[in-house]
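Visitor: below are the sequence and a predicted model for it; my questions follow.
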Amino acid sequence: MIALSVNLNKVALIRNSRDTSIPDVPEHATLCIDAGADSITVHPRPDQRHIRADDCRQLAAMLTVEFNIEGNPFAGSRASDRKGVSDYPGFMELIRELRPAQCTLVPDGDAQLTSDHGFDLHAQADDLEPVLAELRALGVRSSLFMDPVPGQMAIAASIGADRIELYTESFAEAVSCGRGVQECFERFRKTADAALEAGLGVNAGHDLNLQNLPVFRKLPGLMEVSIGHALTVDALRMGMPAAVKAYREALAGS
Ligand SMILES: CC(=O)[C@@H](O)[C@H](O)COP(=O)(O)O
Ligand SMILES: NCC(=O)COP(=O)(O)O
């Protein structure tokens, strides 16, 4: 069974548009879990535009399923610009404090609108190796956010990653425009095969939705998908429990 990890970034984004506590992030985590989510994902960015360090602390204290925290391991601390909101302590400082079940390392710059590329391990392996070693020492499963490039999988394994997360925006784009879907899927399949061959687990995420999951779910060895933006948009129309159930069904092929 492919695990569904619901990303709550966009619930926090709505909340942050006012000085308020609603929509309540932990309450929506519970709604997702009760509807069948296997895991909760968040991506606390230094500007705390959506998920804040305090959200991560609240979720870590209450979750009854796996917690996956994503972010750039080299992101340092940043003072909060909002009254009553804690400073961003630095990504690895947050991981050391909370020790989530999984940590997905993403090479996002602080000013990026969203995640839009994976790591280049030819350039970044030496910097990442000690971070992966620390995650292992903390008992946190590691995952590296990667583009679908088969040749990088052996490097990911050699520096100590437990899993990779395939950056799926290119597949989502192919499905959306109706062009090159099979060729794109084949690139992901070859990358997944290379990851499995190297002993890595295979996660995936970014722009996955109810239209592209029926195909992407067939990826060999896929263990987990993390989905936030499209699922939240669907939840605006159908409600969060129904949206989670719809994504679970899409993953199950039912
Ligand atoms: C790594 C990735 O693709 C997403 O998990 C990321 O969390 C998206 O970030 P935003 O929700 O800030 O667009
Ligand atoms: N790692 C992907 C994720 O957590 C959510 O990405 P998206 O569904 O918001 O694009």
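Guide: Received the coordinates, thanks. Ligands and ions are numbered 1, 2, ... in the order given.
Visitor: mind listing what Pro73 touches?
Guide: The contact partners of Pro73, taken as Cβ atoms under 8 Å, 6 or more residues apart in numbering, are 91-92, 105, 128, 131. Where C-beta positions appear, they are placed from N, C-alpha and C, glycine not excepted.
Visitor: a markdown table for the residues you listed, including secondary structure?
Guide: Below are the contacts of Pro73 laid out as a markdown table (DSSP: H, G, I helix; E, B strand; the rest coil):
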| residue | secondary structure |
| --- | --- |
| Phe91 | helix |
| Met92 | helix |
| Leu105 | strand |
| Leu128 | helix |
| Val131 | helix |
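Visitor: looking at those residues, which is nearest Ala12?
Guide: Phe91 (16.4 Å; Cβ to Cβ).
Visitor: look up how far Ser80 lies from the closest one.
Guide: 15 Å (Cβ to Cβ, to the nearest Å).
Visitor: likewise for Thr30?
Guide: Thr30 is 26 Å from Ser80, by Cβ to Cβ.
Visitor: same thing with Ile69?
Guide: From Ile69 across to Ser80, the span is 18 Å (Cβ to Cβ).
Visitor: more neighbours: those two, which one.
Guide: Taking Ile69 and Ser80 together and counting by other Cβ atoms under 10 Å, Ile69 has the greater number of neighbours (24 against 15).
Visitor: sec struct for the residue lying closest to the more buried one once chain neighbours are set aside, please.
Guide: Residue nearest to Ile69 in three dimensions, not counting chain neighbours: Pro100, with 4.7 Å by Cβ to Cβ, 6 or more residues apart in numbering. Reduced to three states with three-state DSSP, the structure at Pro100 is coil.
Visitor: thought Pro100 was touching Phe67?
Guide: Yes. Using Cβ atoms under 8 Å, Pro100 is in contact with Phe67, at 4.0 Å.
Visitor: compare these two (neighbour count), which wins?
Guide: Pro100 (25 against 22).
Visitor: show me what contacts that one?
Guide: Counting by Cβ under 8 Å, 6+ apart, Pro100 has contacts 60, 66-69, 140.
Visitor: where does it fall, phi/psi-wise?
Guide: phi -70, psi 170 (degrees, to the nearest 10).
Visitor: next: the one 10 residues further on.
Guide: Note on Asp110: backbone dihedrals following degrees, to the nearest 10 are phi -60, psi -30.
Visitor: please report how far it lies from Ser226.
Guide: For Asp110 relative to Ser226 (Cβ to Cβ), the value is 21 Å.
Visitor: what lies in contact with stretch 44-52?
Guide: 8-10, 12-13, 16, 25, 42-43, 53, 55-56, 69, 71, 75-78, 80, 82, 85-86, 88, 91, 94, 108, 110.
Visitor: circling back to that earlier point, adding pLDDT, write the contacts of Pro73 out as TSV.
Guide: Listed next are the contacts of Pro73 as TSV, based on pLDDT from 0 to 100:
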residue	pLDDT
Phe91	98
Met92	98
Leu105	99
Leu128	98
Val131	99
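Visitor: which residues does whichever residue of the stretch 151-254 of the chain sits closest to ligand 2 bridge with?
Guide: Ligand 2 sits closest to Gly205 of the stretch 151-254 of the chain, with a gap of 2.7 Å, by Cβ to the nearest ligand atom. Beta-bridge pairing for Gly205 (DSSP bridges): Tyr167, Ser226.
Visitor: so what's the residue count around it?
Guide: Gly205 has 25 nearby residues by other Cβ under 10 Å.
Visitor: I'd say it and Glu165 touch.
Guide: Yes. When contacts are counted by Cβ under 8 Å, Gly205 is listed as touching Glu165 (5.7 Å).
Visitor: in helices, which of the contacts of Pro100 appear?
Guide: Cross-referencing the contacts of Pro100 against helices under DSSP state H gives Ala60.
Visitor: between the contacts of Pro100, which sits nearest ligand 1?
Guide: Closest to ligand 1, out of all of the contacts of Pro100 and judged by Cβ to the nearest ligand atom, is Asn68, at 9.0 Å.
Visitor: thank you, goodbye.
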